[in-house]
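Participant: here are the coordinates; sequence isn't available:
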């Protein structure tokens, strides 16, 4: 009776943890929507030293949270107050009313959007060697974006080309290919003025641009036969062309989504499975530890899924493999939670089938959960730190499993084999 009462109490505790998980997930979604609203209305949180610098005659912008690449009004005027007509030929050097804003590092974006959806874009950045590029993405990811890249080769000859990013390898960055519809009567140009390089081009879009994911990158090494070298640094921003505002593309969501996924599926849930396999001799302690750990891991994984949904709606990060496996793992996790409440007694005839179901569904959930963490790190372009960190975590878990399995085999081999109680030796 005491054990039964304890199990009932534990059930109510775990139900409370589930409710707490849904509550925390809803709070995370609400916080995400509030943050997104703050980004969409940046005029409510404009820095005190903000000064929208643009050429004389440019349209005023009342709203805008513009990232500054300079350290004061003088430097910002130097970035945006340059007379383009002194080194850029028409139509780029004589366009008035262009909006100018620093967007990242030393990168400065000038643009003008016409009513026919033709946009003139002039990107400038500090330059010494290598290449500078700007890409237009559908979902904020590098793969699938079309980019304009400019540089001056070792002989000082200007080069500018469109590239299409089919993948992460250099061979998958295809020159003279892309989805940007460049205007024929205004060919792209690249120019040097002082320490700055200027990439100028005109693109016709199917509809007026408002919120648009943009990729920015540069490298210090020259392209090799028009094959781009690996970038030294890059970033993704969400640029609002209607308000000239810049925000990071879900960087906080991506980081929290990844951290919770690694903790839930890479650490806590495998720990719960290890407890169930190697602490069976500590009955019933192993059972309560296993159930409690798995419920905590489920809650963390659930919050990670909710943040992933918020990330999808925020930047339209449509990654079918990662999304599909995530949904599959979530379904398996819910089935495992249901298995706890539907667990038959040990002497039940269906207990054997319940064990098969619970063990194999759990193994599949752990396998596909770990696989999805790897896919998330890959498609999210998280960097080597995440790869090394998760690889180190998986290595520790594998070593622990090997050691515990060896100890378990030794313990089973040392256990004496007792004869059946009904066996009697013949008297002499």
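Facilitator: Structure received. Keep in mind that this is a model prediction, so the values were computed, not measured.

Participant: in the stretch 51-200 of the chain, where is pLDDT below threshold?
Facilitator: Residue ranges of the stretch 51-200 of the chain with pLDDT under 70: 51-78, 140.

Participant: the strands in it, which residues?
Facilitator: Ranges of strands within the stretch 51-200 of the chain are 99-104, 107-113, 118-126, 131-136, 146-152, 158-165, 173-175, 189-193, 196-204, based on DSSP state E, counting those that start in this stretch.

Participant: can you check the stretch 201-350 of the chain too?
Facilitator: 211-219, 233-240, 245-248.

Participant: closest one to residue 306 among those?
Facilitator: Across the strands of the stretch 201-350 of the chain, residue 306 has its closest neighbour in strand 245-248 (20.0 Å, CB to CB). C-betas here are computed from N, CA, C, even on glycine.

Participant: quick revisit: export the strands of the stretch 51-200 of the chain to CSV and append columns for mean neighbour count and distance to residue 238.
Facilitator: As requested, the strands of the stretch 51-200 of the chain are exported to CSV (neighbours: other CB atoms under 10 Å; distance: least, CB to CB, whole Å):
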stretch, mean neighbour count, distance to residue 238
strand 99-104, 22, 11
strand 107-113, 21, 13
strand 118-126, 20, 16
strand 131-136, 24, 12
strand 146-152, 23, 17
strand 158-165, 19, 18
strand 173-175, 18, 23
strand 189-193, 18, 26
strand 196-204, 22, 18
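
Participant: any idea which of the ones you listed gets closest to residue 333?
Facilitator: strand 158-165 (34.4 Å).

Participant: ok, that closest one: who's next to it in the sheet?
Facilitator: strand 146-152 (antiparallel), strand 173-175 (antiparallel) (DSSP bridges).

Participant: can you list contacts of it?
Facilitator: Strand 158-165 is contacted from outside by 133, 135, 142-153, 172-180, 182, 188-192, 199, 201, 223, 226, 228, using CB atoms under 8 Å, 6 or more residues apart in numbering.

Participant: format the strands paired with strand 158-165 as TSV; extra columns: distance to residue 361.
Facilitator: Below are the strands paired with strand 158-165 laid out as TSV (distance: least, CB to CB, whole Å):
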stretch	distance to residue 361
strand 146-152	43
strand 173-175	42
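
Participant: between those, which one is closest to residue 239.
Facilitator: strand 146-152 (14.7 Å).

Participant: just put the strands of the stretch 201-350 of the chain in TSV and tack on mean pLDDT.
Facilitator: Output for those, formatted as TSV (pLDDT from 0 to 100):
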stretch	mean pLDDT
strand 211-219	89
strand 233-240	84
strand 245-248	63
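
Participant: may I see the ones you listed organised as JSON lines, with mean neighbour count and distance to residue 205 added?
Facilitator: Below are the strands of the stretch 201-350 of the chain laid out as JSON lines (neighbours: other CB under 10 Å; distance: least, CB to CB, whole Å):
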{"stretch": "strand 211-219", "mean neighbour count": "20", "distance to residue 205": "9"}
{"stretch": "strand 233-240", "mean neighbour count": "18", "distance to residue 205": "13"}
{"stretch": "strand 245-248", "mean neighbour count": "20", "distance to residue 205": "19"}
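
Participant: now these in TSV, with distance to residue 168?
Facilitator: As requested, the strands of the stretch 201-350 of the chain are exported to TSV (distance: least, CB to CB, whole Å):
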stretch	distance to residue 168
strand 211-219	13
strand 233-240	12
strand 245-248	21
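
Participant: list the residues that contact the nearest residue to residue 230 once chain neighbours are set aside.
Facilitator: Leaving aside its chain neighbours, residue 230 sits nearest to residue 219 (6.6 Å; criterion: CB to CB, 6 or more residues apart in numbering). Residue 219 makes contacts with 130-131, 228-232, as judged by CB under 8 Å, 6+ apart.

Participant: closest to residue 379 out of the residues you listed?
Facilitator: residue 231 (17.6 Å).

Participant: next, work out how far apart the closest one and residue 147 are.
Facilitator: 11 Å (CB to CB, to the nearest Å).

Participant: and residue 221, by the same measure?
Facilitator: Taken as CB to CB, the span from residue 221 to residue 147 is 17 Å.
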